[in-house]
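Enquirer: 3D model of this:
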Amino acid sequence: MANRTPASPRRTDDSRVKAVLGPTNTGKTHLAIERLCAHSSGAIGFPLRLLAREVYDRVCAIKGENRVALITGEERIEPKNARWLLCTAEAMPVVGTDLAFVALDEAQLAADRERGHIFTDRLLNARGREETMILGSATLEPMVKALVPEAEIVSRPRFSTLRHAGVAKLSRIPPRSAIVAFSAEQVYAIAEMLRRFRGGAAVVMGALSPQTRNAQVALYQSGEVDYIVATDAIGMGLNLDISHVAFAGLSKFDGVRQRRLTTAEMAQIAGRAGRHQRDGTFGTLAGTGSHDAAFADEEVYAIEEHRFPPITKLFWREAEPRCETLDLLIADLEAPPSLPELVSAPEAIDLAVLRRLADEPEIIATLRSPAAVARFWQVCSLPDFRSQGAETHARFVARLWQDLRNDHLGADYVTQAIAALDNPAGDIDTLQTRIASIRSWSYIAQRPDWVMARDEMAARARAVEARLSDALHARLTERFVNRRTAVLMKKAGPDTALLPVRLEDETVMVDGEPIGTLKGFRFTVDPAARHGDRKLLLAAAERHVPALVAARAEALVAAMKRNQADLRLEGGAVLWEGEPLAKLRRGRGPLVPRLTAVGAVEALPVPARESLLAALADWLDAALTPLEPLRKLDAASSSSEAGPTLRALLIRLVEAGGMLERRDSGIDLLDPQQRGMLARLGVKVGALDLFVPAMLKPKPLGLWRALSALLGQHLAPPDPAMPPVLAITNRLSPPGYRPLGKLLLRLDMAEKLLREAHGSRVTAGRRAFALDPARAVSAGLTTASYARLLQLAGFVALVPRALNEGEAGPPAPLLWRWRPPRPGTMRESPPPMPPTGAFAALAELVW
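Expert: Okay, the predicted model is just below:
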């Protein structure tokens, strides 16, 4: 090409060139793949690495991986015998190849300000030996006719129709829709709203890595979410199952100014709706605050009828500039084209970097040969994946040139740079920044003349990009997808009942997603749910939980009939799994409570509720079996044979739980026949107390405590072990004990000790007698507490005479007498005794 002037495009024979032009959804790319596979070799250039990878996988399935190559700036898979090449437009081979077939996809991008000169060069110069295809919009037809006059132009109609659907609020956007915004902030805001009331959305932006973009697209395509929120990157080659496209705005910043989209750009995006034979719709989103969020009538007509202004100019820049000197290189890159259909491309980032670094003396000093200038231009052509602007990108290129001007990049430098980015932690923006940086290193690692151990470095960079992409996909899904809400919204409507509902332990699962917990019969929304999701989850529970609750009620009734239900009585309620099923209410007697449903049980259907309450009543009756001794007393209190005095005593005993102080009990008013009846009922008449020995156990006392609350009594819980002696620890003493100073003595033990004392009294006759406190002390009483018990029972201590001064010997023993009350009376208070402290000290001394 040395005899060619820089301002002239290369031209070849156009006799085998075919331009396949038409709107989106016309099958152009599919046709190109078919033609590629029909030839012995070939290549297709795509506008996106994502599309090149997608088609690469399809062709590999047809031709085999060992015969197909993927060539992009960041990834190269080049088997030795590869004959079919799938490339990005920048990486596709143009000269020096002998391929039977060559195609360029989305050729209308030759009119793009940033990349147009690349597509123009491929349109003019990329040719196949047997066949060449130019794929693009119908607006490109005038340029094809002017620049490639021998090309055969084939127009293809759209398979489906596009219809304008007007303006709609986000809440009215139908499922399987794409919402297109023109800033990351707006994309995030819309996705957040969709998460709140539609379960979420996939997110597609140009800043995402291809792997992340694929994962997000798969999220939508699989039906896990019904919405996708994207920038205008969605308009290029992503074939999705979209029925409606909603524009959140109709203007964007194109790198120079904020401007309204052209009708062709609108159509490129709207054309994502409707695939193959299925029609699609497009419209705008209401409530975005955008002043231009409505289509003009002429724009709607143009999109629906595919009538757009033709492209009249293509951007061009010399693709093979001369590199004898730096000045000549810049001059060639800035040279105007010679054809009237071409215009000079705006200054791209590579030329901007070149011009900035060309002013630095230390850079100029290294460019002493054409080879050095050519190598320097290759380094300046590194894409600015980080989008940080010419100044920042130029500093990065300058650092690379420090090593590349002499040889390869240092292995340690590349390894450390890649390792520094291998960190999947951070938020969405942080991960996007790292992915943009690792893409730069992926590009660098693909150059064998830049990096030593190219394959190893490229593999490391790809592995880091894959990990970062996975992390970014996870963050996007975590932030913008509520899988539970998506599941519930997907089938909200008449077929809601078809959703599979099951209970895993206590977790309610609807179509595999937890919506809350079911404890007993009470449903609780998942506490991890956001506030905006609670209404939806409660609505879902209203539809699905009643069936689970009814099944639970039926299973519980069956378990109670088999005596396998884990129920307990606590706090005046019947509890199951820690949740109250029914409250105990006062019935016709203290031992016959009635049950009333509470909480979710009350909301059960009447048949299920009545069945459950009847089963609970039977369970309660069986649970109160330990109170059978009290039930006998209660039954006898209604017998006419007992007489009014005994009936009154029995009623008091029942209300006191079978334990009553003898004083003022009326026991002395009973005749011998009534006393015998009382004994047959199991009542023990003691010196200080009347009690039912069978009630002095933890279980019956615990049951009585629950029932006594219905009578307004508040008893301390019984001690689980019911030892003979307890220390007083709080204001309420547990039932079944008599207080003795700081100690409590169980009633039956008190009676046993007092009977022993009376036995000693009877043996002594009328004389004073001594008492051995050994049994009381072994039970846990102090001698002072034992003396207090004796005092309460009418025993009086005879204080021994103190030794006179000068006398020696052991103290005289402590002797006792018993002073019974006069017949027909009861002692109101114990007999007079020495002061407690002195008596206690004396008891300790003599015992």
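Enquirer: Note down every partner strand of the lengthiest strand in the chain and its orientation.
Expert: Ranked by residue count under DSSP state E, the longest strand found in the chain is strand 579-589. Note on strand 579-589: by DSSP bridges, its sheet partners are strand 573-576 (antiparallel), strand 592-597 (antiparallel).
Enquirer: could you dump the shortest one to CSV, C-alpha only?
Expert: Spelled out, it's strand 573-576. Provided in CSV are the C-alpha atoms of strand 573-576 (Å, rounded to 0.1, in the frame of the first residue of the first chain):
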residue,chain,number,x,y,z
ALA,A,573,-53.5,-20.9,78.2
VAL,A,574,-53.0,-24.1,76.3
LEU,A,575,-49.7,-23.7,74.3
TRP,A,576,-48.6,-25.5,71.2
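Enquirer: Where does residue 475 sit, in terms of helix or strand?
Expert: helix 454-480 (DSSP states H and E).
Enquirer: Next up, the contacts around residue 411.
Expert: With contact set as Cβ atoms under 8 Å, 6 or more residues apart in numbering, residue 411 has these partners: 452-453, 457. No exception for glycine: its C-beta is placed from N, CA and C like everyone else's.
Enquirer: so can I have a markdown table of these showing distance to residue 522?
Expert: Shown next, in a markdown table, are those (distance: Cβ to Cβ, whole Å):
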| residue | distance to residue 522 |
| --- | --- |
| 452 | 68 |
| 453 | 64 |
| 457 | 60 |
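Enquirer: could you say what helices and strands the strand or helix carrying residue 124 packs with?
Expert: Using DSSP H and E, the element containing residue 124 is helix 116-125. If contacts are counted by 3 or more Cβ pairs under 8 Å, 6 or more residues apart in numbering; DSSP states H and E, helix 116-125 sits against strand 101-104, helix 141-147, strand 314-316.
Enquirer: follow-up on the earlier one: what lies in contact with the longest strand of the chain?
Expert: 519-522, 567, 569, 572-575, 593-599, 601, 612-613, 616, 620, 634, 706-707, 710-711.
Enquirer: The residues you listed in strands, which ones?
Expert: Those of the contacts of strand 579-589 lying in strands (DSSP E): 519, 522, 567, 569, 573-575, 593-597.
Enquirer: thinking again about what came up before, dump the strands paired with strand 579-589 to a markdown table, plus mean pLDDT and distance to residue 175.
Expert: Formatted as a markdown table, the strands paired with strand 579-589 follow (pLDDT from 0 to 100; distance: least, Cβ to Cβ, whole Å):
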| stretch | mean pLDDT | distance to residue 175 |
| --- | --- | --- |
| strand 573-576 | 86 | 41 |
| strand 592-597 | 87 | 41 |
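Enquirer: looking at the ones you listed, which is buried most?
Expert: Looking across the strands paired with strand 579-589 with neighbours counted as mean count of other Cβ atoms under 10 Å, the highest average goes to strand 573-576: a mean of 19.
Enquirer: Any idea how far it is from the middle of the chain?
Expert: 32 Å (Cα atoms, centre = their mean, to the nearest Å).
Enquirer: Quick one: neighbours of residue 555, just the number.
Expert: 11 (other Cβ atoms under 10 Å).
Enquirer: For residue 635, list the residues it contacts.
Expert: Here residue 635 is in contact with no residue (Cβ under 8 Å, 6+ apart).
Enquirer: What of residue 750?
Expert: So residue 750 contacts 686, 688-689, 738, 789 (Cβ under 8 Å, 6+ apart).
Enquirer: same deal with residue 137?
Expert: 21-23, 108, 264, 268, 308, 311.
Enquirer: what is the rounded mean pLDDT of the helix holding residue 475?
Expert: Over the span of helix 454-480, the pLDDT mean works out to 91.
Enquirer: helices and strands around that helix, which ones?
Expert: Checked by 3+ Cβ pairs under 8 Å, 6+ apart, helix 454-480 has helix 184-198, strand 202-204, helix 210-221, helix 411-420, helix 428-445 packed alongside it.
Enquirer: give me that answer again for 7 Å
Expert: Contact here means 3 or more Cβ pairs under 7 Å, 6 or more residues apart in numbering; DSSP states H and E; on that basis helix 454-480 packs against helix 184-198, helix 210-221, helix 411-420, helix 428-445.
Enquirer: Of those helices, which is nearest residue 70?
Expert: helix 210-221 (11.4 Å; Cβ to Cβ).
Enquirer: Between helix 428-445 and that closest one, find me the angle.
Expert: 130 degrees (axes from the mean of the first three to the mean of the last three Cα atoms, to 10 degrees).
Enquirer: could I get helix 210-221 in PDB with only the CA atoms?
Expert: Extracted as PDB, the C-alpha positions of helix 210-221 are listed here (Å, rounded to 0.1, in the frame of the first residue of the first chain):
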ATOM      1  CA  PRO A 210     -19.800  -9.200  29.000                       C
ATOM      2  CA  GLN A 211     -20.000 -12.000  31.500                       C
ATOM      3  CA  THR A 212     -22.100  -9.900  33.900                       C
ATOM      4  CA  ARG A 213     -24.300  -8.700  31.100                       C
ATOM      5  CA  ASN A 214     -24.900 -12.300  30.000                       C
ATOM      6  CA  ALA A 215     -25.700 -13.400  33.600                       C
ATOM      7  CA  GLN A 216     -28.200 -10.500  33.900                       C
ATOM      8  CA  VAL A 217     -29.800 -11.400  30.500                       C
ATOM      9  CA  ALA A 218     -30.000 -15.000  31.600                       C
ATOM     10  CA  LEU A 219     -31.800 -13.900  34.700                       C
ATOM     11  CA  TYR A 220     -34.500 -12.200  32.500                       C
ATOM     12  CA  GLN A 221     -34.600 -14.900  29.800                       C
END
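Enquirer: I appreciate the help and will end here.
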